[in-house]
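> sequence and predicted structure, then a few things I'm wondering about:
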Amino acid sequence: MSMESEHLIVPKTKRGEATLQKIFDAAEVLFYESGYAETSITNITERAGIANGTFYIYFKDKRSLFRCMMERYSQELRRATTVAAAEYKTRYERELHGFKAYIAYMIENPGVFRIILESFYVEPDLFRDYYEVFAGHYSEALSQAMGDGEVIDCDVTVASYLLMGGYTFLGLKYVIFDGKKSVSDEEVEKLFRILSRGLLIAPEAGD
């Protein structure tokens, strides 16, 4: 877990790190089950098995915890997808294996879906920044792939949001709506067959 955040007082001991992890774990479950507004600091500390005052050693309030969690998810997801894609050479392979890593992360941490989506109401600027940062990294990668002839000539910002939207909602379908505990290669590759072939057939001139 990355400890770098302006919203967190970083623990200096292994015991402190373990306590912080308990707070994160408790908050993730409660935010997922009850939502941000219905979860109190007392709920979090009771579930974590710590004293109420211990919470304030690390965070000044619940919103600081929420913001820190969002930063953590962003870092973890980028790391997971980057590591999974690193050994592959083509953009197609990197996208495919990056998406598999994304799905695996969300299956392991299903509460992340609700927390990220709820941030639209809790911290709209944070919600925007979360996706803008991802889109920025994506745009750079797609621009390079376009130069290598691996991506069609297109607006890479639009393409980035198109990919992120597809990944997010297909992830919701598999993990949250269907409750899958694993996703097969065939299920993942359905999306990539569409991406590689294109979805819409433009009408011929004069039609």
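Nice, thanks for sending it over. Residues are numbered from 1 along each chain as shown.
> going by C-alpha atoms from here, please, whenever you check contacts or count neighbours.
Fine.
> in the helix or strand where residue 159 lies, what's buried?
Taking DSSP states H and E as the criterion, residue 159 maps to helix 156-171. Neighbour-count burial for helix 156-171 flags 156-157, 159-161, 163-164, 167-168, 170-171 (criterion: 16 or more other Cα atoms under 10 Å).
> swap in stretch 43-60?
By neighbour count on 16+ other Cα under 10 Å, the buried set for stretch 43-60 is 44-45, 47-48, 55, 58-59.
> rounded mean pLDDT for that stretch, please.
Averaging pLDDT along stretch 43-60 yields 95.
> now swap in stretch 65-85 and tell me
Mean pLDDT, computed over stretch 65-85, is 93.
> just the helices in the chain please.
For the chain, helices defined by DSSP state H occupy the ranges 14-34, 41-48, 52-58, 62-85, 91-108, 111-122, 124-147, 156-171, 185-197.
> among the ones you listed, which comes closest to residue 179?
Of all these, it is helix 91-108 that lies closest to residue 179, at 8.7 Å by Cα to Cα.
> how far off centre is that closest one?
Relative to its chain's centre, helix 91-108 lies at 11 Å (Cα atoms, centre = their mean, to the nearest Å).
> use 40 as the first number for this chain going forward.
Happy to do that; since the first residue is 40 now, the last one works out to helix 130-147.
> need the CA coordinates for that helix. PDB is fine.
What follows is helix 130-147 as a C-alpha-only set of coordinates in PDB (Å, rounded to 0.1, in the frame of the first residue of the first chain):
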ATOM      1  CA  ARG A 130      -0.800  -2.600 -27.900                       C
ATOM      2  CA  TYR A 131      -3.500  -5.300 -28.500                       C
ATOM      3  CA  GLU A 132      -1.800  -7.700 -26.100                       C
ATOM      4  CA  ARG A 133      -1.100  -5.000 -23.600                       C
ATOM      5  CA  GLU A 134      -4.800  -3.900 -23.600                       C
ATOM      6  CA  LEU A 135      -6.000  -7.500 -23.300                       C
ATOM      7  CA  HIS A 136      -3.800  -8.500 -20.400                       C
ATOM      8  CA  GLY A 137      -4.200  -5.100 -18.700                       C
ATOM      9  CA  PHE A 138      -8.000  -5.600 -18.800                       C
ATOM     10  CA  LYS A 139      -7.600  -9.100 -17.400                       C
ATOM     11  CA  ALA A 140      -5.600  -7.700 -14.500                       C
ATOM     12  CA  TYR A 141      -8.300  -5.000 -14.000                       C
ATOM     13  CA  ILE A 142     -11.000  -7.600 -13.800                       C
ATOM     14  CA  ALA A 143      -8.900  -9.700 -11.400                       C
ATOM     15  CA  TYR A 144      -8.400  -6.700  -9.100                       C
ATOM     16  CA  MET A 145     -12.100  -5.800  -9.100                       C
ATOM     17  CA  ILE A 146     -13.100  -9.400  -8.300                       C
ATOM     18  CA  GLU A 147     -10.600  -9.300  -5.300                       C
END
